[in-house]
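take a look and give me a structure for this.
(one chain, ligands or ions: 2)
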Amino acid sequence: MIATDLLSRLKDPTLLPAAGYVAGVWQTSAATGAQFTVTNPSTGAVLAELPDMGVAETHAAIAAAHAAQADWAAHTGKERAAVLRRLFDLMMANADDLAIIITAEMGKPLAEARGEVVYGAAYVEWFAEEAKRIYGDVMPGHQRDKRLLVLKQPVGVVGAITPWNFPNAMLARKMAPALAVGCAMVAKPAEQTPLSALALAVLAERAGLPAGLLSVIPGTDGPGIGREMCANPLMRKLTFTGSTEVGRILLRQGADQVMKMSMELGGNAPFIVFDDADLDAAVEGAMIAKFRNNGQTCVCANRIYVQAGVYDAFAAKLATAVAALTTGDGFAEGVALGPMIDADALAKVQAHVSDATALGAEVLTGGTASGGLFFPATVLKGATPAMRLAREETFGPVAPLFRFETVEEVIRLANETEFGLASYFYARDMARVWRVAEALDYGMVGINTGQISTETAPFGGVKQSGQGREGSRYGADDYLELKYLCLGGI
Ligand SMILES: NC(=O)c1ccc[n+]([C@@H]2O[C@H](COP(=O)([O-])OP(=O)(O)OC[C@H]3O[C@@H](n4cnc5c(N)ncnc54)[C@H](O)[C@@H]3O)[C@@H](O)[C@H]2O)c1
Ligand SMILES: O=C[C@H](O)CS(=O)(=O)O
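Ligands and ions are numbered 1, 2, ... in the order given. Next up, the predicted model:
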């Protein structure tokens, strides 16, 4: 069932079948007969009742993907590119509907949801172009009669498990490179936000993707689906975006068959403001890096370090800007921040703020939940490393300000975490910019900007923030195997 209220908002209600997409068939019932509910986090309203699919459907989808993948890989890059280009065009043509679906199931404001659709589509466009340029190598022989070649071939059947915070873009960012190079994909979206993934499957089918190449398994049994993906011998790779905790589980499970893994995991991004920074620019950057997606992104600034000489001025400017942010239903006009995704997420944000204030932090604005799943944008002054929010990913709209004195001190503090995804700093002295950029132990560094995510750059982290990269000229590598050919007797 899809709620009438949601369907009535769409120009094309057929984007939302109340079904899972398994082996090229829209199945309205799960093997177990179970169903699960999808709700709007802004209102609690029921959006859909979907078949609660699991191991049986995943097993069938993997078999179908394996059967379809060889022929897909035998297509030319140009033929695969044409399908992806049509998918890009369909995503853009249906962007308004896709945005409505995101806002309904995840809560982000509609304008931000539309930005997510455009961002996800950009990956599809990028890899539609890359599909035609998967080049190998010809190398000088090591002996007179030898000629050496390297082929790049698709890894085969890929499992994808995605999070709720970017329910469209995180799947698009995975299916685009996989399909571009000739892989097949079985995808499991987050149980909170399956509708965006199902709508993408509708559009992929319309774009001409052959049946079986893509399956989307809606369901609440992430652990069971993950185990099936990691244990099934037909599955050659798993790409996961989500928490480091779950990433570890999957890495352990995939180890038994030495499965190729891509992991986009948790973060704890430092945002550093040096005393030579343009403070207004730094405030603007902090607003984006901290409050985009209501602070629910893996690359959100989690710790804001401000050099002592500008600490009070920056704190005052930031608090003024943050106090102007409105929190509410993502469909409402003028709302900047939507709800938290669920009660657990809300409780964690409140716990971080309560822990910080108990340890001496001062609330400059916000600080207390405002009803439902809403939490106001919050700025805390006097944050210290003893506080939970210094060590844990808050994943919410809370900006803790830490004071520091020297460059050496803040590099040490910034790197003092098991995470290494995104980092940011504002400075104008070019020698300092180079030294700090090289010293930060992170996969990505934003310099005088708070917005770094683009399909043209390699997105990913180091340490316990993951492995592999998504997007850019490097992004296809995670879905390819190198095969070395040695021709003798020449
Ligand atoms: N690095 C990135 O690009 C990136 C992007 C988005 C979110 N994240 C991280 O994800 C976290 C928040 O997202 P979340 O709450 O959806 O993460 P999560 O890890 O709880 O869930 C992610 C996905 O994994 C599934 N899952 C849960 N347990 C599983 C298991 N045992 N086996 C297989 N699948 C399982 C979920 O159903 C969901 O689809 C944050 O830590 C955030 O930093 C990282
Ligand atoms: O949080 C997950 C996404 O990767 C964030 S971004 O939109 O790619 O920056």
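
helix/strand/coil for T37?
Counting by DSSP: H, G, I helix; E, B strand; the rest coil, the backbone at T37 sits in strand.

give me the neighbour count for it.
Neighbour count of T37, defined by other C-beta atoms under 10 Å: 13. The C-beta positions use only the backbone N, C-alpha and C, and glycine is treated the same way.

gap between the host helix or strand of A345 and the chain center?
Per DSSP states H and E: A345 is located in helix 343-358. Computed by C-alpha atoms, centre = their mean, to the nearest Å, the chain-centroid distance of helix 343-358 equals 23 Å.

swap in stretch 416-430?
With C-alpha atoms, centre = their mean as the basis, stretch 416-430 stands 20 Å off its chain's centre.

which residues touch the helix holding A345?
Here helix 343-358 makes contact (C-beta atoms under 8 Å, 6 or more residues apart in numbering) with 296, 340, 363, 367-369, 373, 375, 378, 380, 383, 387-389, 392, 394-398, 400.

sheet partners, orientation included, of the helix or strand just after that helix?
As assigned by DSSP H and E, the chain's next helix or strand after helix 343-358 is strand 362-365. Looking at strand 362-365 with DSSP bridges, its partner strands are strand 378-381 (antiparallel).

how much space separates the residue nearest the centre of the chain from ligand 2?
By C-alpha atoms, centre = their mean, the mean C-alpha position of the chain lies nearest to M170, the distance being 4.4 Å. M170 sits 6 Å away from ligand 2, going by C-beta to the nearest ligand atom, to the nearest Å.

give the other helices and strands that whatever helix or strand that residue lives in contacts.
Element membership for M170, per DSSP H and E: helix 169-181. Packed against helix 169-181 by the contact rule (3 or more C-beta pairs under 8 Å, 6 or more residues apart in numbering; DSSP states H and E) you find helix 77-93, helix 110-130, strand 147-154, strand 157-161, strand 184-188, helix 195-206, strand 235-241.

ok, back up a step: what's the closest non-adjacent residue to the residue nearest to the centre of the chain?
T162 (4.4 Å; C-beta to C-beta, 6 or more residues apart in numbering).

next one: the one you found, what pLDDT does it get?
With respect to pLDDT, T162 scores 98.

isn't it up against L171?
Yes: contact criterion C-beta atoms under 8 Å: T162 and L171 qualify, at 5.0 Å.

shared neighbours of the two, anything?
By C-beta under 8 Å, 6+ apart, T162 and L171 have these common neighbours: A187, P189, A197.

what about ligand 2: which of these touch it?
When C-beta under 6 Å from any ligand atom is applied, no member of the shared contacts of T162 and L171 is adjacent to ligand 2.

of those residues, keep whichever come out buried.
Buried members of the shared contacts of T162 and L171, counted by 16 or more other C-beta atoms under 10 Å: A187, P189, A197.

quick one: contacts for the second one?
Counting by C-beta under 8 Å, 6+ apart, P189 touches T162, P167, L171, S196, A197, L198, V216, P218.

looking at those residues, spot the one nearest P41.
The shortest gap between P41 and any of the contacts of P189 belongs to P167, at 12.0 Å (C-beta to C-beta).

tell me the contacts of that closest one?
Neighbour list for P167: I102, E105, M106, P189, A190, T193, P194, L195, S196, A197 [criterion: C-beta under 8 Å, 6+ apart].

surely A289 meets N448?
No: applying C-beta under 8 Å as the test, A289 and N448 come out as separate, 11.6 Å apart.

compare the two and say which is more crowded by neighbours.
Taking A289 and N448 together and counting by other C-beta under 10 Å, A289 has the greater number of neighbours (27 against 15).

spatially nearest residue to that one, not counting backbone neighbours?
Closest residue to A289 apart from its sequence neighbours, by C-beta to C-beta, 6+ apart: G450 at 3.4 Å.

again, but for L480
Once flanking residues are discounted, L480 sits nearest to K152: 4.6 Å by C-beta to C-beta, 6+ apart.

can you report how many residues lie near the one you found?
Neighbour count of K152, defined by other C-beta under 10 Å: 17.

likewise for C300?
Using other C-beta under 10 Å: C300 sits among 29 other residues.

what's the spacing between it and ligand 1?
On the measure of C-beta to the nearest ligand atom, C300 and ligand 1 end up 8 Å apart.

I'd say that residue and M287 touch.
No: when contacts are counted by C-beta under 8 Å, C300 is not listed as touching M287 (11.3 Å).

show me the beta-bridge partners of the residue nearest to L480.
Going by DSSP bridges, K152 forms beta bridges with L482.

how about the contacts made by it?
I134, Y135, G136, V181, L480, E481, L482, K483.

check what pLDDT the fourth one gets.
V181 is assigned a predicted lDDT (pLDDT) of 98.

ok, the last one next?
We have a pLDDT of 98 for K483.

neighbours of the residue nearest to it when sequence neighbours are not counted, just the number please.
Spatially, and ignoring its direct neighbours in sequence, K483 is nearest to L151 (4.4 Å; C-beta to C-beta, 6+ apart). Using other C-beta under 10 Å, L151 has 14 other residues around it.

touching, L151 and L482? I think so.
Yes: the pair L151 / L482 is scored as a contact, 7.5 Å apart, by C-beta under 8 Å.

secondary structure element for the residue nearest to E284 when sequence neighbours are not counted?
Spatial nearest neighbour of E284, chain neighbours left out: G450 (7.2 Å); criterion: C-beta to C-beta, 6+ apart. G450 belongs to no helix or strand when elements are defined using DSSP H and E.

contacts only, for G450.
Counting by C-beta under 8 Å, 6+ apart, G450 touches F271, E284, G285, A286, M287, I288, A289, K290, A301, Y424.

what do you get for E470?
E470 makes contact with Y123, R173, K174, P177, S262, E264, P458, F459, G460, D478 under the criterion C-beta under 8 Å, 6+ apart.
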